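A.B. asks: Show me the folded form of this:
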Amino acid sequence: VAAKMLLKYWIGNSVCVQTIEKNLGMSYNAFQKQYISIPDYVNIATAYTEKGDKPCISIIIPVYNTEEYLRECLESVVSQSFERIEIICVNDGSLDNSLKILEDYQQKENRITVISKSNEGQSVARNVGLMYAHGEYVQFLDSDDMLSPGALLKLYQTASSQKLDVLFFNADTFYDSKELEREFKTFAEYYHTNSDFSTARTGQQLFADMERVKEYRVSPCLQLIKLDYLKTHKLLFPQGIVHEDNLFTLQSILLATSAARINEPYYCRRIRNGSVMTAPKSYSHFYGYLKCFIGMMVFSQSVVFENNYVEQSVKNILVSMEASVIRTFNALPANERTQQTMLTPLESYWFQIIGNVRSQSNQTTRVIINNGEAAAIRASWAYRIGRFITFIPRKIRGGIRCYQEHGMRYTLNRVQEKFWNLFGK
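C.D. replies: Sure, this is the predicted structure:
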């Protein structure tokens, strides 16, 4: 009973987490799942079932313990001048009054769908929202943020007139306190961009253009995305990690046939305590970066790049993600670093590769991995399988690059040399 009271009034507080773990011998999340009952239901909006037509935009809002900000968020959507929208709110196991607020709003707004489920994280909540979306386009919105007045009308007009798969746009940042503004001042202008990429181009070209001027931003909340496009490519958010936006956005932009970016700030991003952006870096941050890096590497191997310019831009992003993995790991306290033993053999293999690459290119950046563990990884079946799986794609990509740089005759001669070296004359 006492633990339930702590959860109600001290949600997410470190003292609450430590008290539950110390006195009950179980994790905060395990206690929540076992003892806190979360209503599980779907209550569909009636606006479009009554009319028989479809919305133009589906706004998907994952909600978890944000009662303090939720009304502001919802008001920014229901007050939009563009009315042909549906608002899909996914209550992800909130323990505060968030679900009650959603239910109250649904009583007076027939464009709102409320889905309530146990806590599984933002990625799952977004993916669930996509399952119930019917709009031509999808807009993701965090429940502590807001949309600017008139945003949806302008975004829809721009995207539909150019038949875009993805439309990127800017955001204004605001802080909950002066202390946060001083501590995270880099966010003040981070979501403002200046270069003009408002005319349609391929997603690969837009990605390379934005990366070239250092204006590539990964937040899915700053993208209006065509729903059919997401379904065609089966694009979903990776589950069970933070920083999942890095992988999702790389996929969403590189696969797009038509994409653009406008520089108007149609989104209002809140910087507050307790969010992923401001929380101290923990093992979950390191693991999220690592999983995204692996996913981005695997995905990039499947992409046929339009030109070397695009391929180099992808390499630049991968190098940046490598740095995030190493920087976050090295910032962890010693007791959290030991959790790397929970990595699968294949994840450990990738982590070892990253560490070796970074230490060779920059002696000041090194990963602390036990030599015995590294040897075990290299001897493991996962390592051998990984090398085997990537052997043919690596050779094919190498052959293509050789052909592009040196021509057909030289490439065939090299292939012949490799063949004789492997198998003998």
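A.B. asks: Which of the residues in stretch 271-291 are classified as buried?
C.D. replies: 271-272, 282-291 (16 or more other C-beta atoms under 10 Å). Any C-beta I mention is one placed from the backbone N, CA and C, and that applies to glycine too.
A.B. asks: so how far is it off the chain centroid?
C.D. replies: 12 Å (C-alpha atoms, centre = their mean, to the nearest Å).
A.B. asks: hey, C-alpha coordinates of that stretch in CSV?
C.D. replies: What follows is stretch 271-291, C-alpha atoms only, in CSV (Å, rounded to 0.1, in the frame of the first residue of the first chain):
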residue,chain,number,x,y,z
ILE,A,271,12.5,21.5,-22.1
ARG,A,272,11.6,20.1,-18.6
ASN,A,273,13.0,18.0,-15.8
GLY,A,274,12.4,14.3,-16.0
SER,A,275,12.4,13.9,-19.8
VAL,A,276,14.8,11.8,-21.9
MET,A,277,16.5,15.0,-23.1
THR,A,278,17.4,16.3,-19.7
ALA,A,279,17.8,13.1,-17.6
PRO,A,280,21.3,12.2,-16.5
LYS,A,281,22.8,9.7,-18.9
SER,A,282,22.3,6.1,-17.8
TYR,A,283,22.8,2.6,-19.2
SER,A,284,19.5,2.8,-21.0
HIS,A,285,20.8,5.8,-23.0
PHE,A,286,24.0,3.9,-23.9
TYR,A,287,22.0,0.9,-24.9
GLY,A,288,19.6,2.9,-27.0
TYR,A,289,22.4,4.5,-28.9
LEU,A,290,24.1,1.1,-29.5
LYS,A,291,20.9,-0.5,-30.7
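A.B. asks: which SS class is I115?
C.D. replies: With DSSP: H, G, I helix; E, B strand; the rest coil as the basis, I115 sits in strand.
A.B. asks: Now do the contacts for it.
C.D. replies: 41-43, 88-91, 128-129, 132 (C-beta atoms under 8 Å, 6 or more residues apart in numbering).
A.B. asks: what's the distance between it and C73?
C.D. replies: Counting by C-beta to C-beta, to the nearest Å, the gap from I115 to C73 is 16 Å.
A.B. asks: again with K214
C.D. replies: Applying C-beta to C-beta to K214 and C73 gives a distance of 30 Å.
A.B. asks: neighbour-wise, which of these two wins?
C.D. replies: The residue with more neighbours, out of K214 and C73, is C73; 22 against 9, by other C-beta atoms under 10 Å.
A.B. asks: out of everything not next to it in sequence, what's closest to the more buried one?
C.D. replies: S143 (5.2 Å; C-beta to C-beta, 6 or more residues apart in numbering).
A.B. asks: Specify the local secondary structure of A260.
C.D. replies: From three-state DSSP, the assignment for A260 is strand.
A.B. asks: quick one: it and A200 touch, right?
C.D. replies: Yes: with contact defined as C-beta atoms under 8 Å, A260 counts as touching A200 (5.2 Å).
A.B. asks: follow-up on the earlier one: widest-spaced pair of the buried residues of stretch 271-291?
C.D. replies: Within these, R272 and L290 form the most distant pair, 26.3 Å apart (C-beta to C-beta).
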